[in-house]
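predicted structure and sequence below. I'll ask about it afterward.
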Amino acid sequence: MGLNRRWIKLGRLFMVAWLSFYLFPVAAVLTTPFNPADKAAGIGLLVASGLTWAWFWTRVVAGPDRRFRAAAVGIHALLLVVFTLMTPPKYGSLFFYTVVMVGAAFRWRIAGPMVAAAALAGGALDLIRGVPLLEASGDLINDAIVGASVVAGRLLIEANQQLSLAREQIARLAVGEERLRFARDLHDLIGHSLSVIALKSELAGRLIKTTPRLAAHEVADIEKVARDALREVREAVAGYRQPTLSAELAGAREALTAAGIELHADAEHLPLPPAVEAVLAWTVREGVTNVMRHSQARRCAVRIISRDGSATVEVVDDGRGGTPSAGSGLRGLEERVQERGGTLTAEPLPHEGFRLKVTLPLPEVPVLADRITA
C-alpha cells in the first residue's frame, strides 16, 4: 500500500527525533573545562546543525524546499566538520548524520558515490584529530553501512510509491475497459430489441384497423421482445449473459420476418467454446440489426461454418450496399473480434448487397460437423 500523509509525517518526526542524540555532545561540551568562547562556539555549532537537520527532514525532503537539498547537506556537513575538529577524540563523531542526509537527499545513482565519499570524509576527520586507525576504520565502515541502508530505504519507498501508482492506473484502466464493455453490450442488446419493437409496432399500427387479430398478435410479440430485452439487460448488469447462436438465429428469423425480409440460415459447425460462440452470436445480431435498419433488402443469408481450425459467420443481404458507417455497434463488434484474435470484414458486394464476415480461431480443428439448414 502507498504511503499516506500520516505515515510520511510520522516518518519525518521520527528522523527529527534523532536529534535526541545531540544531548550527549551538548552535555560533554558544557561539562568540559573549555573556555567560555569555545563552549559558546560548540553549542552554537550543535544548535545550527540540529536546526539544519530538522529543516532538512520537515521541509527539504519531498517538501517545498527540496531545491535546497544540496545546500542543506553542505551546510550541515560544514558545521559538523568544524565541530568535530574542535573537540577531542573522546567525544566521538556526529558525522554519520551527514551521511544519512546524503543518502536521503539524492537519487541512488548520485547518493551511492556521495555516501562513500562522506564515509571516507568521516574517517579522515577521525584520523586528523588523532583517533586510532582501527577506530577510524570502524567509524568509516559504520558510516558506509548506515548510508547504504538509507539509500536502500529510499529505493524501497520509491518502489512502493511506483507500485501504488501502477495499481491506481491499472484500476482506472480496468474501470474504463469495463465501462466500454458494458456500453457495448447495452448497445447490442437494446439496439437490436428496439429495432424489432419499432418494426412490429409499425406493423401492428397498419393491421389494427383491417385485421385486429393479427395486430393483437404483433402486440403480444412486442411485449415478448420487450420482456426478453429487459431480462437480457438484467443479465448483462449481473455479468451472466452469454448469447448463443441458436438463440440469435431464432431471434433473427423473427425480426426479419416482421420486417418482410426472407432469411436463409445455413449452419455447419461443431459445438463451439462459449467465448467464441458469444462473439459469433453478437455478429449475427449486429449484422441482422443493420440489415433491418439500413439495407432495404428483400433477402438475407446467415452462414456459420467451422473448419480448418477457425469459425466463420457471414451475414449477407441483397440490399443497397454502400460503404458502412462506423457506428458504435460495428466498432464494439470489432473490439470483441480483436480480443479473440480474429478478423472482421464489412464491405459492399460488387453488384448489390452487403456482407459482414467474422472469422475467429478455434483451439482445436473440428473433426465432425453438425449441419443444420433452415
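Perfect, I can see it now.

list the neighbouring strands of the helix or strand encompassing residue 357 plus their orientation.
Using DSSP states H and E, residue 357 maps to strand 354-361. Strand 354-361 pairs in its sheet with strand 310-317 (antiparallel), strand 343-348 (antiparallel), by DSSP bridges.

point out the most buried one among those strands.
Mean neighbours per residue, mean count of other Cβ atoms under 10 Å, is largest over these for strand 310-317, with a mean of 22. All C-beta spots, glycine's among them, are computed from the backbone N, C-alpha and C.

packing partners for the next helix or strand after that strand?
Moving toward the C-terminus from strand 310-317, the next helix or strand (DSSP H and E) is helix 328-339. Where contact means 3 or more Cβ pairs under 8 Å, 6 or more residues apart in numbering; DSSP states H and E, helix 328-339 is packed against helix 133-210, helix 274-290, strand 343-348, strand 354-361.

tabulate these (TSV), appending mean pLDDT and distance to residue 331.
Listed next are the helices and strands packed on helix 328-339 as TSV, based on pLDDT from 0 to 100; distance: least, Cβ to Cβ, whole Å:
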stretch	mean pLDDT	distance to residue 331
helix 133-210	79	8
helix 274-290	88	10
strand 343-348	90	10
strand 354-361	92	13
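
make CSV from these and add distance to residue 33 to it.
Compiled in CSV, those are given as follows (distance: least, Cβ to Cβ, whole Å):
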stretch, distance to residue 33
helix 133-210, 24
helix 274-290, 87
strand 343-348, 93
strand 354-361, 91
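
which helices and strands sit right next to the helix or strand in which residue 82 is found?
Taking DSSP H and E as the definition, residue 82 sits inside helix 69-85. Applying 3+ Cβ pairs under 8 Å, 6+ apart, we find helix 69-85 packed against helix 36-55, helix 96-105, helix 108-128.

helices and strands around the first one, which ones?
Helix 36-55 makes packing contacts with helix 23-31, helix 69-85, helix 96-105 when contacts are defined by 3+ Cβ pairs under 8 Å, 6+ apart.

the longest one to helix 96-105, inter-axis angle?
Counting by axes from the mean of the first three to the mean of the last three Cα atoms, to 10 degrees, helix 69-85 lies at 170 degrees to helix 96-105.

chain center to helix 69-85, what's the gap?
The chain centroid and the centroid of helix 69-85 are separated by 44 Å, computed with Cα atoms, centre = their mean, to the nearest Å.

tell me the angle that helix makes with helix 23-31.
Using the same axes, to 10 degrees, helix 69-85 lies at 40 degrees relative to helix 23-31.

and if you look at the last one?
Helix 96-105 and helix 23-31 meet at an angle of 150 degrees, taking the same axes, to 10 degrees as the criterion.

show me what helix 96-105 is in contact with.
Under the criterion Cβ atoms under 8 Å, 6 or more residues apart in numbering, residues 18, 49, 53, 56, 60-61, 69-70, 72-73, 76-77, 80, 111, 114-115, 118-119, 122, 139, 142-144, 146-151, 153-154 lie in contact with helix 96-105.
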